[in-house]
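*Asks:* Structure for the following, please:
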Amino acid sequence: MKRLAIGLLAAASVMLAQAAPARAAPSYGSETPPANVVAQLEHLAPERPGTVDLYAILVGGDGSEDVFRREVVQVRRVLEERFDTAGRTITLVNTRSAPEPEATLHSLAYVLKRVAAKMNRDEDILLLHLTTHGGSNHVLVLSHGERELYGLSPPYLKSLLEQSGIRNRVVVVSACYSGAFVAPLASPNALVITAANSRRQSFGCGKASPITEFSRAFYLEALAHTRSFPSAARTAMQIVHETERAQGRKHSYPQMRLGAALEDPLHSLEQRLAGTGHR
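*Replies:* Numbers count the residues shown, from 1 in each chain. As a prediction, the model looks like this:
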């Protein structure tokens with residue numbers, strides 16, 4: 001009788017294992033992004049010979065919290081008002097209400113390739129803003145509903161940027177542990193700005209938050225008074241440090257690394273914008 005019971009339990013276990021759906025592997029996303037992203041790319045403004053234009057790709061990676069979508073909206077507004085990016089901005093945002101994810105590894109690669117083809121890769125500047133949750137494993141979260149997506153690691157992002165051929169880059173990563181992106185993305189033609197160092201969390205996430213704290217300090221406060229990204233980053237670091245100290249929080253220690261060869265293109269952009277009447 002005991003042997004029969006054991007046999008029945010074993011058979012039941014096999015049947016349950018066979019009936020249970022196999023866990024799907026994480027996805028890189030579709031080869032072609034959703035129609036909304038493709039439409040943005042089709043209306044992307046061309047480069048202007050002899051003019052240093054700023055192109056922007058804004059990524060809200062974690063669709064489980066609306067703060068990242070709201071942040072992308074605010075960053076886009078600041079860049080269009082202060083940096084003449086209207087018509088030269090692409091957004092990739094994961095939201096719970098959308099039928100499919102926009103921010104995936106495949107879609108980011110696709111958009112980088114298309115933007116690189118439209119801009120002057122030697123003269124213009126790309127600003128890539130990434131806002132999402134970051135893990136202590138130094139991988140940025142890309143998520144959408146029940147569909148599991150691969151996250152974005154520093155080496156993977158480095159390879160995407162190098163494959164794009166875009167020379168002048170400003171990369172802003174607003175996420176916990178984001179300092180891990182600094183060294184891999186650093187180059188003579190890059191400015192890398194992160195909301196924390198590689199061992200610390202940053203703040204400002206949450207369903208009720210309008211924007212992460214570093215992005216608030218950088219885009220809404222510091223860039224309201226300057227068009228210099230390096231100067232704004234230094235100011236934002238000070239704002240964040242003082243805020244964390246006043247609130248008794250463990251310091252996040254935002255990071256910045258500026259390549260010497262990017263200084264002239266950034267200065268040319270600042271001079272052009274100062275004379276165009278942009279706010």
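
*Asks:* alpha carbons only for contacts and neighbour counts from here, please
*Replies:* Fine.

*Asks:* What is the burial count for the closest residue to Asp122 other than its chain neighbours?
*Replies:* With CA to CA, 6 or more residues apart in numbering as the measure, Arg167 is the residue that lies nearest to Asp122, at 5.6 Å, once sequence neighbours are left out. Applying other CA atoms under 10 Å, we find 20 other residues in the vicinity of Arg167.

*Asks:* Double-check Arg169 against Asp122; I have them as touching.
*Replies:* No. Distance between Arg169 and Asp122: 10.5 Å, which falls outside the contact criterion (CA atoms under 8 Å).

*Asks:* In this structure, where is pLDDT below threshold?
*Replies:* Scanning the chain for pLDDT under 70 picks out the ranges 1-24, 146, 276-279.

*Asks:* repeat that for 90
*Replies:* Screening the chain residue by residue with the criterion pLDDT under 90, one finds the ranges 1-25, 96-99, 145-148, 204-208, 275-279.

*Asks:* Between Arg169 and Asp122, which is the more surrounded one?
*Replies:* Between Arg169 and Asp122, counted using other CA under 10 Å, the more crowded position is Arg169 (27 against 13).

*Asks:* ok, now which ones touch the more buried one?
*Replies:* For Arg169, the contacting residues are 125-128, 189-191, by CA atoms under 8 Å, 6 or more residues apart in numbering.

*Asks:* And Ala233, by the same measure?
*Replies:* Taking CA under 8 Å, 6+ apart as the definition, contacts of Ala233 comprise 193, 218, 222, 256.

*Asks:* How much space separates it from Leu258?
*Replies:* The gap separating Ala233 from Leu258 is 10 Å, by CA to CA, to the nearest Å.

*Asks:* does Gly134 really touch Ala175, like I thought?
*Replies:* Yes. Distance between Gly134 and Ala175: 5.1 Å, which falls inside the contact criterion (CA under 8 Å).

*Asks:* Please, which helix or strand holds Glu244?
*Replies:* helix 229-247 (DSSP states H and E).

*Asks:* And the contacts of the next helix-or-strand element following that helix?
*Replies:* Using DSSP H and E, the helix or strand that follows helix 229-247 towards the C-terminus is strand 255-258. Among residues not part of strand 255-258, those counted as contacts by CA under 8 Å, 6+ apart are 179, 182, 186, 188-197, 230, 233-234, 237.

*Asks:* Which ones among those map onto strands?
*Replies:* Counting by DSSP state E, the part of the contacts of strand 255-258 found in strands is 190-194.

*Asks:* Out of these, give me the one that has the most neighbours.
*Replies:* Within the ones in strands among the contacts of strand 255-258, Thr194 tops the neighbour count with 31 neighbours, counted by other CA under 10 Å.

*Asks:* Who are the contact partners of that residue?
*Replies:* In this structure, Thr194 makes contact with 172-175, 178-179, 181-182, 254-256, judged by CA under 8 Å, 6+ apart.

*Asks:* Just name the closest of those residues to Ser153, please.
*Replies:* Comparing the contacts of Thr194 against Ser153 with CA to CA places Phe181 closest, at 8.0 Å.

*Asks:* hang on, the closest one packs against Leu140?
*Replies:* No. The pair Phe181 and Leu140 does not pass the contact test of CA under 8 Å, sitting 10.0 Å apart.

*Asks:* May I have the distance across stretch 190-203, first residue to last?
*Replies:* 25 Å.

*Asks:* nope, stretch 177-196 is what I was after
*Replies:* Distances were taken as CA to CA; on that basis the terminal residues of stretch 177-196 are 6 Å apart.

*Asks:* In that stretch, which residues are buried?
*Replies:* 177-182, 184-187, 189-196 (16 or more other CA atoms under 10 Å).

*Asks:* Was I right to think Pro26 contacts Ser143?
*Replies:* No. At 10.1 Å, Pro26 and Ser143 do not qualify as touching, with contact defined as CA under 8 Å.

*Asks:* These two - which one has more neighbours?
*Replies:* A direct count of neighbours by other CA under 10 Å for Pro26 and Ser143 places Ser143 higher, at 27 against 11.

*Asks:* need the contact list for the more buried one.
*Replies:* Applying CA under 8 Å, 6+ apart, the residues contacting Ser143 are 61-64, 94, 101, 149.

*Asks:* so what's it closest to, chain neighbours aside?
*Replies:* Sequence neighbours aside, Asp62 is the residue nearest to Ser143 in space, at 4.9 Å (criterion: CA to CA, 6+ apart).

*Asks:* Many thanks, we can stop here.
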